[in-house]
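Q: requesting a structural model of the entry that follows:
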Amino acid sequence: MKEQVADRIVESGQANLQRINVALSQSAIARARQLINEDFSAPDIAHILSSVPPKQRVTLWNLVETKGLAADVLVHLGEEERSQIVASVKP
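A: Here you go, the predicted structure:
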């Protein structure tokens, strides 16, 4: 039972990452912004950010529109990813 739940979580994360990559490859920034802000949870967004190269990570981070969502995402990121994003934010 636990393995099935874990498998579904992994599959869901991979599907979300694929949806974002498709939107970005089609230069559909508005679609990527919509996915991030309306369709994905904070843990989903953190997983996506952790799964992409650093340059793309900052690009995706800049699509997060609300401070509450941003704070929740930061909580779910690893230390390295969180540090990179915080360093990229302009005061």
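Q: which intervals of the protein have sub-threshold pLDDT?
A: Within the chain, the segments meeting pLDDT under 70 span 1-12, 26, 91.
Q: try it again with 80
A: 1-14, 21-28, 90-91 (pLDDT under 80).
Q: tell me where it has helices.
A: Taking DSSP state H as the test, the helices found in the chain are 2-25, 29-34, 42-51, 54-61, 67-76, 79-88.
Q: want to throw those into a markdown table with mean neighbour count?
A: (C-beta placed from N, C-alpha, C; glycine too.) Converted to a markdown table, those look like this (neighbours: other CB atoms under 10 Å):
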| stretch | mean neighbour count |
| --- | --- |
| helix 2-25 | 13 |
| helix 29-34 | 15 |
| helix 42-51 | 21 |
| helix 54-61 | 16 |
| helix 67-76 | 15 |
| helix 79-88 | 14 |
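Q: pretty sure residue 46 is touching residue 77, no?
A: Yes: between residue 46 and residue 77 there is a contact under CB atoms under 8 Å: 4.9 Å.
Q: leaving out sequence neighbours, find the closest residue to residue 47.
A: Nearest in space to residue 47, with sequence neighbours left out and distances taken as CB to CB, 6 or more residues apart in numbering, is residue 13 at 4.6 Å.
Q: just checking, that neighbour touches residue 45?
A: No: with contact defined as CB under 8 Å, residue 13 does not reach residue 45; the gap is 10.5 Å.
Q: which residues are in contact with the residue lying closest to residue 60 once chain neighbours are set aside?
A: Nearest non-adjacent residue to residue 60, counting by CB to CB, 6+ apart: residue 49, 6.0 Å away. Residue 49 is in contact with 57, 60, 61, 73, 77, 81, 85, counting by CB atoms under 8 Å, 6 or more residues apart in numbering.
Q: which of those residues lies closest to residue 25?
A: residue 60 (13.1 Å; CB to CB).
Q: test my guess that the closest one contacts residue 50.
A: No: the pair residue 60 / residue 50 is not scored as a contact, 10.8 Å apart, by CB under 8 Å.
Q: quick one, what contacts the residue nearest to residue 46 when sequence neighbours are not counted?
A: With sequence-adjacent residues excluded and distances taken as CB to CB, 6+ apart, residue 46 is closest to residue 76, at 3.5 Å. Residues in contact with residue 76, defined by CB under 8 Å, 6+ apart, are 42, 43, 45, 46, 47.
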